[in-house]
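>>> sharing a model that was predicted from the sequence below.
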Amino acid sequence: MRRGRRVRVALAAALIAALGAACADSTDERPPGSGAAGPATPAGGQPQQARGAAGALAAYVERTRRAQAARARAVKKWGLAKMPLPAPPPPAVKPAITTRKGFETAGEGLPPVFTTVPTKEKVVFLTIDDGAEKDPALLRMMSELQIPYSAFLSDYLVKEDYGYFKKMRDAGVALHNHTLNHRYMPALSYKQQEREICGQQDNLEKRYGTRPPLFRPPYGNYNQDTLRAAKSCGIKAVPLWAAEAFPDRMEWREWDRDLHPGDIILTHFRGREDWKGTMPDMIRQVMKTVTAKGYAVARLEDYV
Ligand SMILES: [Zn+2]
């Protein structure tokens, strides 16, 4: 038993050291058991059990080391200014979301329209719209860096290559609704809007097996018919954005031109013909800003 205890204490120390080193890193892995990284519980078990726990701890330390090393290599490979900050664990209960003041469209039970998710955590959310540019490098970059993002897709662009977004979905990215044809919604009748939104729900289900809960109207423009139609198509929430990312700059909605906990960042699938850089250039730029301001990128679907 004494030996068992020594082994566990030594392993706990190694674990804490590894986690300490991993602080500048992020992995989704948690220590085995309760998830607490503190010293092992008093050794009361048989040497057999102690060895079992020791093995699990050692395996966790090894996995953490490997994930950290892989991410450090990815940061270097993709030319990020700094290691992205680790996102905190997702909230146990998703926050209640209400429509942003000034963005209301009267109507009980309509999906809320918001630009920031209510949270005190220093997290922001990355959302990429439309679907024009289909750069394979973006898929590799985001997977290797383990940066979460959500896609809001318009079928008239996505249909050029459904396979690209299938790979994105397979990499764990949630695909959401950005209409069939990217029309200015307030100019359309209720029926036309319903067709734009429900039609894309049907299409996303057919192509990717998902009827997403989130919808973003093109240009961020909507009226009460948009929200009524979206609700009828099964949409639960309408996230807009607090900041927009480009390869060479950020544009801000708020007067302080800054990020805030829970802010949603918009960007687009675009290439050199549309703006001053590639998708990886844009990601490098937005991550530089996000990390420098002390924020981590979290998964929107963990909060909404
Ligand atoms: Zn759009």
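The structure has been received and is ready for your questions. Numbering: from 1, shown residues only.

>>> contacts only, for residue 232.
194, 198 (CB atoms under 8 Å, 6 or more residues apart in numbering). Placement of C-beta: from N, CA and C, glycine included.

>>> what pLDDT does it get?
Note for residue 232: predicted pLDDT of 97.

>>> same question, residue 104
84.

>>> so it, which of the three states?
Here residue 104 is recorded as coil under DSSP: H, G, I helix; E, B strand; the rest coil.

>>> try residue 79
coil.

>>> pretty sure it sits against residue 284.
Yes. Counting by CB atoms under 8 Å, residue 79 does reach residue 284; the two are 6.0 Å apart.

>>> with adjacent residues omitted, what lies nearest to residue 153?
residue 131 (5.0 Å; CB to CB, 6 or more residues apart in numbering).

>>> okay, the closest residue to residue 220 other than its chain neighbours and the ion: tell me how far apart.
Counting by CB to CB, 6+ apart, residue 240 is the residue found nearest to residue 220 once chain neighbours are left out, at 4.9 Å. As judged by CB to the ion, to the nearest Å, residue 240 and the ion stand 11 Å apart.

>>> wait, doesn't residue 240 sit right on residue 112?
No. Counting by CB under 8 Å, residue 240 sits too far from residue 112 to count as a contact (10.5 Å).

>>> need the strands for this protein, in chain order.
Using DSSP state E, the strands found in the chain span residues 113-114, 123-130, 150-153, 174-177, 238-239, 243-245, 250-252, 264-268, 296-298.

>>> domain ranges for the chain, per the record?
2-77, 113-303 (automatic domain parsing).

>>> deepest-packed of those, please.
Stretch with highest mean neighbour count among the domains of the chain: domain 113-303 (a mean of 19; mean count of other CB atoms under 10 Å).

>>> between its first and last residues, how far does that one reach?
15 Å (CA to CA, to the nearest Å).

>>> relative to residue 153, how far out is whichever residue of the stretch 151-300 of the chain sits closest to the ion?
Going by CB to the ion, the ion is nearest to residue 218 of the stretch 151-300 of the chain, at 4.7 Å. Noted for residue 218: a distance of 12 Å to residue 153, by CB to CB, to the nearest Å.
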